[in-house]
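build me a model:
(one chain, ligands or ions: 2)
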Amino acid sequence: MKKQLLLTIAIFSLLTCFSAYAENSERVIVHFNSSKILSGKSLPFIIRNLQSELEDNINTLPSEIRTRNQINKLWAARAIAINLTSEEQKKLCRQSNVSQIEPADTIIPSPEVKSDPEVVSSSWGLDKINASRVWNELGIDGSGAVVGQIDSGVFYYHPELEGQISVFRDFTKIATGEEKPAYDNTGHGTHTAGTICGRRKSIGIAPGARLVVAKLFDPNAGAPIENMLSAMQWMLDPDGNPDTNDAPQVVNNSWSANGNSTNKTFWETISTWNVAGIVGVFSAGNQAYLGNKVDIPGAYPHSFAIGATDENDKVTYFSQPGPASWNNELFLKPDVSAPGLNIISSDFRGGYSSMSGTSMSAPHASGLIALIHQANPNLSVSEIVDLCRKNSFDIEKAGPDNKSGYGRIDAMKTVKAALASTTLKDRISALPLILEREKLHSKTSDNRMSASYIQSLLKHGASLTQDEFAAESAAIGNDGNPYSVKILRKINHVRLFNQMYNSLRQQSQN
Ligand SMILES: [Ca+2]
Ligand SMILES: [Ca+2]
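Ligands and ions are numbered 1, 2, ... in the order given. Presented below is the predicted three-dimensional model:
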């Protein structure tokens, strides 16, 4: 059985290897077979393990190849980018640990900027998914969460995004790796960033979240897959130090490549994100009218694809449907849908503009995941995806369908379910992690991230019944966490204050 599997892999390698045939030396991605399963491990362990696994694979290459300059080590993808002649490619194809060789300069098209002629209404999407109810009734606004964004960059000085951008890197010119202040020259990224975390509470789903921004797209210029794989890998370790946990918990990807294929370029990187606890959110694609199914990487069974809905909860004419097909098996896609028609958000020239596309839907879902993270920081990627699916509002055909997936996302219902899946004790125990993240992602003396996270704990504690609070107090009192006692004391004060306030109010009414 094992032998048969290896044989299948070998045939697959030969088939895909020769497709990259070229006379002269060309830049290619060499993909290696994945071996180790790393789920349940810490992020530093995962990163170091993948890095050393890649070194082992590089060491199996002929010495004249492995000592070559300009090898780009794409450990998250279990791959390298390198210049090879066609003879060398053929030679590597015969190696048992090489699964695929493909051109590195295949272009992922720049996401279309579909500007609507005029601003037609307020940001209806935010109300439709009940985001403001989550802030007001549950005290949760995404504080403590970090969201990654792979797009056209962000206009740093937009008032909606002031203080929201933690790190920026320009991947359009990968060779220079030059650090610059965040900028956006198409408008697409500033718009999606506003929907994720615009902080004036009029356009952003998670105004408390911070952004890690990778710029990949220039006007009318797509991104070569080598740059894209590099940016996706960078999300796991933005500061280049595997021991610091500065990775985002969700990465918004309002881009896609043609899905009617068996293209697995991004397959391993998505798997790596998943074991690292990073939810990859992808737009489904905007060409349903051409008969296209959901694009990759959203079409992969292990990634999260978002379709677009309008104000009446109808899937838009452009939103690409499922199902997706892998290894002769069909998968329901998109996973869920979110507002994507006439969406108002931040404009890269300042002010606001309206845009349409599944590009606008994905950031609604990414913002929701930041909210979920504040409610329960201990959920795995599959648990988060599951919560989003199960708590969506059913639309189109009854039950899960290949137009809308599980339905249109509902932030209130989903975040409530996330809160119900945890305890106050577990939320408090995540505080050291949030404080570490704040140190890595906040400007000096800004403690907005942890302060708002703690505020939401107080709100949670105040909302418990007397019995629930007694049970939580007993559990928290024994956990030996120095933060717990302090926070418990604060919650006690809030509860006593509320009791006093309510009885005074009652007296005055009598
Ligand atoms: Ca790091
Ligand atoms: Ca349905």
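
how far away is the residue nearest the centre of the chain from ligand 1?
Nearest to the geometric centre of the chain sits Val251, at 2.1 Å (C-alpha atoms, centre = their mean). Between Val251 and ligand 1 the computed distance is 15 Å (C-beta to the ion, to the nearest Å). Glycine gets a C-beta too; all of them are placed from N, C-alpha and C.

same check, this time on Val30
According to C-beta to the ion, Val30 stands 26 Å off from ligand 1.

so that residue touches Ile82, yeah?
Yes: with contact defined as C-beta atoms under 8 Å, Val30 and Ile82 form a contacting pair (6.3 Å).

coming back round to it: which element is the closest residue to the residue nearest to the centre of the chain other than its chain neighbours on?
What sits nearest to Val251 in space, not counting adjacent residues and going by C-beta to C-beta, 6 or more residues apart in numbering, is Gly148, at 3.6 Å. Applying DSSP states H and E as the criterion places Gly148 in strand 146-151.

adjacent strands (with direction) for that strand?
When pairing is defined by DSSP bridges, strand 146-151 lines up against strand 210-215 (parallel), strand 250-253 (parallel).

nearest to ligand 2 among these would be which one?
strand 250-253 (24.0 Å; C-beta to the ion).

could I have stretch 294-310 exported to PDB, CA atoms only?
This file holds the C-alpha atoms of stretch 294-310, laid out as PDB (Å, rounded to 0.1, in the frame of the first residue of the first chain):
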ATOM      1  CA  VAL A 294     -14.600  29.100  -6.500                       C
ATOM      2  CA  ASP A 295     -10.900  30.100  -7.100                       C
ATOM      3  CA  ILE A 296      -7.900  28.600  -5.400                       C
ATOM      4  CA  PRO A 297      -6.700  28.900  -2.700                       C
ATOM      5  CA  GLY A 298     -10.200  29.300  -1.300                       C
ATOM      6  CA  ALA A 299     -11.300  26.200  -3.200                       C
ATOM      7  CA  TYR A 300      -8.900  24.000  -1.200                       C
ATOM      8  CA  PRO A 301     -10.800  21.800   1.300                       C
ATOM      9  CA  HIS A 302      -8.600  23.100   4.100                       C
ATOM     10  CA  SER A 303      -9.100  26.800   3.500                       C
ATOM     11  CA  PHE A 304     -11.900  29.200   4.100                       C
ATOM     12  CA  ALA A 305     -13.700  30.700   1.100                       C
ATOM     13  CA  ILE A 306     -16.100  33.600   1.200                       C
ATOM     14  CA  GLY A 307     -18.900  34.400  -1.300                       C
ATOM     15  CA  ALA A 308     -20.600  37.800  -1.700                       C
ATOM     16  CA  THR A 309     -24.100  38.800  -0.700                       C
ATOM     17  CA  ASP A 310     -26.200  41.900  -1.300                       C
END
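
near ligand 2, anything from it?
No: with C-beta under 5 Å from the ion as the criterion, ligand 2 is not reached by stretch 294-310; the gap is at least 11.1 Å.

secondary structure element for Leu92, which one?
Going by DSSP H and E, Leu92 is part of helix 86-93.

and what of Asn227?
Assigned by DSSP H and E, Asn227 falls in helix 225-234.

got the buried residues for the helix or strand harbouring Ser503?
Using DSSP H and E, Ser503 sits in helix 482-509. For helix 482-509, a neighbour-count test (16 or more other C-beta atoms under 10 Å) marks 483-484, 487-488, 491, 495 as buried.

Arg169 touches Ala214, doesn't it?
Yes: counting by C-beta under 8 Å, Arg169 touches Ala214, with 5.6 Å between them.

quick one: contacts for the residue nearest to the centre of the chain?
By C-beta atoms under 8 Å, 6 or more residues apart in numbering, the residues touching Val251 are 147-150, 232, 235, 273, 278-281, 366.

pLDDT wise, what is it at?
Per-residue confidence (pLDDT) for Val251: 98.

again, but for the one 5 residues further on
pLDDT recorded at Ser256 is 95.

can you tell me how far it sits from Phe348?
Going from Ser256 to Phe348 by C-beta to C-beta, to the nearest Å gives 21 Å.

re the thing from before, neighbour count winner among Val30 and Ile82?
Ranked by neighbour count (other C-beta atoms under 10 Å), Val30 and Ile82 place Val30 first, with 30 against 27.
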